[in-house]
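# Provide a 3D model corresponding to the input given below.
(2 chains)
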Number of protein chains: 2
Amino acid sequence: MIVTIIGLGLIGGSTAIDIRQQKFADSIIGVDSNPTNAAGAEHIGLVDEICELEDGVKRADLILVAVPVNAALKVLPKVLDLVNDNQVVADMCSVKGKLCDWVKYHPKRQRYVASHPMAGTEYSGPWAAKAGMFAGKVAILCDTEDSDIKAVNLVRRMYEAMYMRIIFMNSANHDVHTAYVSAISHISSFALALTVLDKEKNEKHIFDLASGGFDSTVRLAKSSAAMWQPIFEQNKDNVLIVLDTYIKYLQEFKKNLEDDNNEAVYNMIDEANRIRRVLK
Amino acid sequence: MIVTIIGLGLIGGSTAIDIRQQKFADSIIGVDSNPTNAAGAEHIGLVDEICELEDGVKRADLILVAVPVNAALKVLPKVLDLVNDNQVVADMCSVKGKLCDWVKYHPKRQRYVASHPMAGTEYSGPWAAKAGMFAGKVAILCDTEDSDIKAVNLVRRMYEAMYMRIIFMNSANHDVHTAYVSAISHISSFALALTVLDKEKNEKHIFDLASGGFDSTVRLAKSSAAMWQPIFEQNKDNVLIVLDTYIKYLQEFKKNLEDDNNEAVYNMIDEANRIRRVLK
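I've put the predicted structure just below:
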């Protein structure tokens, strides 16, 4: 099988490594609008060759769209315009509602499978690609009733070859749940980085004291603006709701601390500890 | 050398493992007001024997106080009342100002070294004790001009045996910097856990979607209320200042998102990315 990957960053690049290793793909074609990324991905062997989008799409059995969500709105319709009834297209974006709405009435909608493999690191670009990054994580397939069943099964097999667990969800629900779990984690981390860089003028102190918990909490703040700003934009309504709740809890915590209500502070922490039940 | 450790939790227990392994201590006596922790620590071999505080203090060359900061206010003066001029006492607490003020005029102040080894995990109790947890991390010694120089050197040698890097700081500065880096990380994580547990009623979704960044950001929210509520209480003024700034950034982020000011959202993330310069 020939797989063309459009977008050779962390997600596209890591997928390339895994599907090659698992022999899901016999050959991998790369497409990237950024010539440095394209050349880099070819140089380090993520892809067998680089070509232009049109050529790359035409030659593939499966086309993966692994670009930021705003770029996907432009790329996906273009790809669907080019495919025939034997080819399959899947995107790997983190917001699903707008993209699914966008191509809902495209004549080739059935060839498209909306998917979101939930894995990553805080690094980006082809050099960040990592073997096995997806293993043991969840891949969400959305609105599969709008896709051809064989197309869904092909994409499913790919994620299973990457050792992912498959979950089905409609795109609206997907966006609610990812806002509630993933987007707010990133916002809390971005704001934490801004706060510490603001209050702590001496970067040496940040470095020295980071082992007190800051290092793990701020990790996500290294995530790229090019990926995340469009995610927040496309999932704005859900993100605003959860951000409101987050600020509300912080204000409650602050009020309790100001009022020397030690019992209430203790209880909030104790309540937060319930997360141990969910995550080990 | 005989070392008595008062408080056989994560910090006291992990210290016991390291100083025994490095042959800094020939024998380790444990003291804990919680009989389950005491029996557990003895059973798993963290300490050679358990005894009462008075007896434990009298028999030791070095006494380590590794209890939560509120308990330390009671324990430390009691310990100093008991020691002679050859014994050394060090605490391992996360807030230093109030404790140092508390014993400033104690006749045995010189026998006491205020210290804070900045390492830990989100787990607690003797069963959470971990070999090598302190290695490569920073140990802060505070207000050492109030301590006997030989006492300071002994405590310094202990942390060096645990492969820690030593930093000197006055206790007031210590409390500012730890609030700015460590306390706010924990508050952001506690509030994140509360938010997600509140918005996401389905715990299965939290579990499934946690790999999207939530798992690393929420890790600290498992930290115990018994340890952290007293830290926030004792370092209240500094914590409130940094918490204000944190909430301010979140509100700015929210405003930009509401106003569809995508450029401003992008710039905030980009600015947060500067943390990459400080932490790899």
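
# For the stretch 1-150 of chain A, which segments count as helices?
Along the stretch 1-150 of chain A, counting by DSSP state H, counting those that start in this stretch, helices occupy A:10-21, A:35-43, A:53-58, A:69-82, A:97-102, A:149-161.

# Quickly compare these and say which is most buried.
helix A:10-21 (a mean of 24; mean count of other Cβ atoms under 10 Å in any protein chain shown). For the C-beta atoms, the positions are set from N, CA and C on the backbone; glycine is no exception.

# now the helices of the stretch 1-150 of chain A in a markdown table, with mean pLDDT and distance to B:Gly132?
Output for those, formatted as a markdown table (pLDDT from 0 to 100; distance: least, Cβ to Cβ, whole Å):
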| stretch | mean pLDDT | distance to B:Gly132 |
| --- | --- | --- |
| helix A:10-21 | 98 | 31 |
| helix A:35-43 | 97 | 37 |
| helix A:53-58 | 98 | 49 |
| helix A:69-82 | 97 | 42 |
| helix A:97-102 | 97 | 47 |
| helix A:149-161 | 98 | 37 |
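
# out of these, nearest to B:Lys204?
helix A:149-161 (18.9 Å; Cβ to Cβ).

# What lies in contact with the helix or strand following the closest one?
Once helix A:149-161 ends, the next helix or strand along the chain (criterion: DSSP states H and E) is strand A:165-169. For strand A:165-169, contacts defined as Cβ atoms under 8 Å, 6 or more residues apart in numbering or on different chains pick out A:136-142, A:144, A:156, A:159-160, A:177, B:208.

# how about a cut-off of 7 Å?
A:Val138, A:Ala139, A:Ile140, A:Leu141, A:Cys142, A:Thr144, A:Arg156, A:Tyr159, A:Glu160, B:Asp208 (Cβ atoms under 7 Å, 6 or more residues apart in numbering or on different chains).

# That strand pairs with which strands, and in what direction?
If you go by DSSP bridges, strand A:165-169 pairs up with strand A:138-142 (parallel).

# Distance from the partner strand to the middle of the chain?
Chain-centre distance of strand A:138-142: 11 Å, with Cα atoms, centre = their mean, to the nearest Å.

# any idea of the mean pLDDT for that strand?
Average pLDDT, strand A:138-142: 97.

# surely A:Glu54 meets A:Leu82?
Yes. Counting by Cβ atoms under 7 Å, A:Leu82 is a contact partner of A:Glu54 at 6.3 Å.

# picking that back up, A:Gln229 is nearest to which of the helices of the stretch 1-150 of chain A?
helix A:69-82 (8.2 Å).

# list the buried ones in the worst-scoring helix or strand of chain A on mean pLDDT?
Taking mean pLDDT, DSSP states H and E as the measure, chain A has helix A:203-209 as its least confident helix or strand, at a mean of 87. Applying a neighbour-count criterion of 16 or more other Cβ atoms under 10 Å in any protein chain shown, one finds A:His205, A:Ile206, A:Phe207, A:Asp208, A:Leu209 buried in helix A:203-209.

# helices and strands around whichever strand or helix holds A:Met268, which ones?
Assigned by DSSP H and E, A:Met268 belongs to helix A:262-272. With contacts taken as 3 or more Cβ pairs under 7 Å, 6 or more residues apart in numbering or on different chains; DSSP states H and E, helix A:262-272 sits against helix A:236-258, helix B:184-199, helix B:225-234.

# Please name every helix or strand in contact with the first one.
Using 3+ Cβ pairs under 7 Å, 6+ apart as the contact definition, the elements that helix A:236-258 packs against are helix A:184-199, helix A:262-272, helix B:184-199, helix B:236-258.

# Show the contacting residues for A:Gln110.
A:Gln110 touches A:Ser147, A:Asp148, A:Ala151, counting by Cβ under 7 Å, 6+ apart.

# nearest residue to A:Ile247 other than its sequence neighbours?
Leaving aside its sequence neighbours, A:Ile247 sits nearest to B:Leu250 (Cβ to Cβ, 6 or more residues apart in numbering or on different chains; 5.4 Å).

# ok, the one you found - contacts?
A:Ala191, A:Leu243, A:Tyr246, A:Ile247.

# Over to A:Cys93?
A:Val69, A:Ala72, A:Leu99, A:His116.

# center of chain A - which residue?
For chain A, A:Ser94 is the residue whose C-alpha lies nearest the centre (Cα atoms, centre = their mean; 4.3 Å).

# Touching, A:Ile187 and A:Leu243? I think so.
Yes. A:Ile187 is in contact with A:Leu243 according to Cβ under 7 Å; the separation is 6.2 Å.

# Among the two, which residue is more densely surrounded?
A:Ile187 (30 against 24; other Cβ atoms under 10 Å in any protein chain shown).

# Report the contact partners of that one.
Contacts of A:Ile187 by Cβ under 7 Å, 6+ apart are A:Leu243, B:Phe253.

# same deal with A:Leu8?
A:Gly30, A:Asp32, A:Asn37, A:Ala38, A:Ala41, A:Leu46, A:Val47, A:Pro126.

# now with 10 Å?
Applying Cβ atoms under 10 Å, 6 or more residues apart in numbering or on different chains to A:Leu8 gives the contacts A:15-16, A:28, A:30-32, A:34, A:37-42, A:44, A:46-47, A:50, A:66-67, A:125-126, A:129.

# low-scoring stretches of chain A, by residue?
For chain A, no stretch has pLDDT under 70.

# tell me the domain boundaries of it?
Under the assignment automatic domain parsing, the domains of chain A span A:2-169, A:174-278.

# now the longest one, how far from the chain's geometric center?
Relative to its chain's centre, domain A:2-169 lies at 12 Å (Cα atoms, centre = their mean).

# swap in stretch A:256-267?
With Cα atoms, centre = their mean, you get 37 Å for stretch A:256-267.

# again, but for stretch A:184-196
That offset, for stretch A:184-196, works out to 18 Å (Cα atoms, centre = their mean).

# from the stretch 51-200 of chain A, which residue is nearest to chain B?
A:Ser182 (3.3 Å; Cβ to the nearest Cβ).

# need the contact list for that residue.
A:Ser182 touches A:94, A:116, A:118, A:120, A:220, A:231, A:235, B:196, B:209-214, B:217, counting by Cβ under 10 Å, 6+ apart.

# That one and B:Ile187, how far apart?
20 Å (Cβ to Cβ, to the nearest Å).

# isn't A:Gly7 right next to A:Val47, touching?
No. Here A:Gly7 does not reach A:Val47: they are 11.4 Å apart, not a contact under Cβ atoms under 10 Å.

# check contacts around A:Leu10.
Contacts of A:Leu10 by Cβ under 10 Å, 6+ apart are A:66, A:119-130, A:133, A:223-224, A:227.

# let's go with 8 Å and repeat that
So A:Leu10 contacts A:Gly120, A:Thr121, A:Tyr123, A:Ser124, A:Gly125, A:Ala128, A:Ala129, A:Lys130, A:Met133 (Cβ under 8 Å, 6+ apart).

# Of those, keep whichever come out buried.
A:Gly120, A:Thr121, A:Ser124, A:Gly125, A:Ala128, A:Ala129, A:Met133.

# could I get the residues you listed as JSON lines with distance to chain B?
Conversion of the buried ones among the contacts of A:Leu10 to JSON lines gives the following (distance: Cβ to the nearest Cβ, whole Å):
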{"residue": "A:Gly120", "distance to chain B": "7"}
{"residue": "A:Thr121", "distance to chain B": "10"}
{"residue": "A:Ser124", "distance to chain B": "10"}
{"residue": "A:Gly125", "distance to chain B": "13"}
{"residue": "A:Ala128", "distance to chain B": "12"}
{"residue": "A:Ala129", "distance to chain B": "17"}
{"residue": "A:Met133", "distance to chain B": "10"}
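
# Just put those residues in JSON lines and tack on distance to B:Lys78.
Output for the buried ones among the contacts of A:Leu10, formatted as JSON lines (distance: Cβ to Cβ, whole Å):
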{"residue": "A:Gly120", "distance to B:Lys78": "51"}
{"residue": "A:Thr121", "distance to B:Lys78": "49"}
{"residue": "A:Ser124", "distance to B:Lys78": "54"}
{"residue": "A:Gly125", "distance to B:Lys78": "57"}
{"residue": "A:Ala128", "distance to B:Lys78": "54"}
{"residue": "A:Ala129", "distance to B:Lys78": "58"}
{"residue": "A:Met133", "distance to B:Lys78": "53"}
